[in-house]
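A.B. asks: What follows is a protein structure lacking sequence information:
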């Protein structure tokens with residue numbers, strides 16, 4: 001059982017930056033591809049970004065491409081989501097997830113093996 005704990009959310013002004021972290025409980029962290037999802041009030045959960053097991057490959061949703069960057073540190077069992085130029089529409093609960101995904105595009109149709117509890121990001125104008 002892999003436990004995922006997100007941190008780093010908060011309140012930020014439009015145009016600001018935040019970096020989210022997701023710490024995994026297991027030393028088997030490097031066996032999983034990792035991803036970030038988000039869910040805004042009244043909307044379905046949506047894919048944000050994914051990273052391969054090694055961290056060499058990444059895939060970002062069009063809505064965040066160029067503003068968000070996913071990365072991982074397998075030595076620290078942690079995945080990150082760096083967010084810049086935040087906009088009001090980025091307001092959501094952000095979740096990290098783990099799955100045995102080889103092709104990162106498959107994250108859009110994959111049900112993760114594990115989810116974190118989520119961290120709130122609020123962007124105010």
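C.D. replies: On my side now, so go ahead. Computed from a prediction, not measured in an experiment: that's the story for all the values here.
A.B. asks: show me where the chain has strands.
C.D. replies: Using DSSP state E, the strands of the chain run over 4-7, 10-13, 18-24, 33-39, 46-51, 58-60, 68-73, 78-83, 92-99, 114-115, 119-124.
A.B. asks: quick one: which of those is nearest residue 108?
C.D. replies: Closest approach to residue 108 among the strands of the chain (C-beta to C-beta): strand 46-51, 5.3 Å. Heads up, the C-betas are built off the backbone N, CA and C, glycines and all.
A.B. asks: center of this protein, which residue is that?
C.D. replies: The centre of the chain sits closest to residue 36, judged by C-alpha atoms, centre = their mean, with a distance of 2.2 Å.
A.B. asks: Tell me how far that residue lies from residue 125.
C.D. replies: 23 Å (C-beta to C-beta, to the nearest Å).
A.B. asks: Ok, residue 16 next?
C.D. replies: 11 Å.
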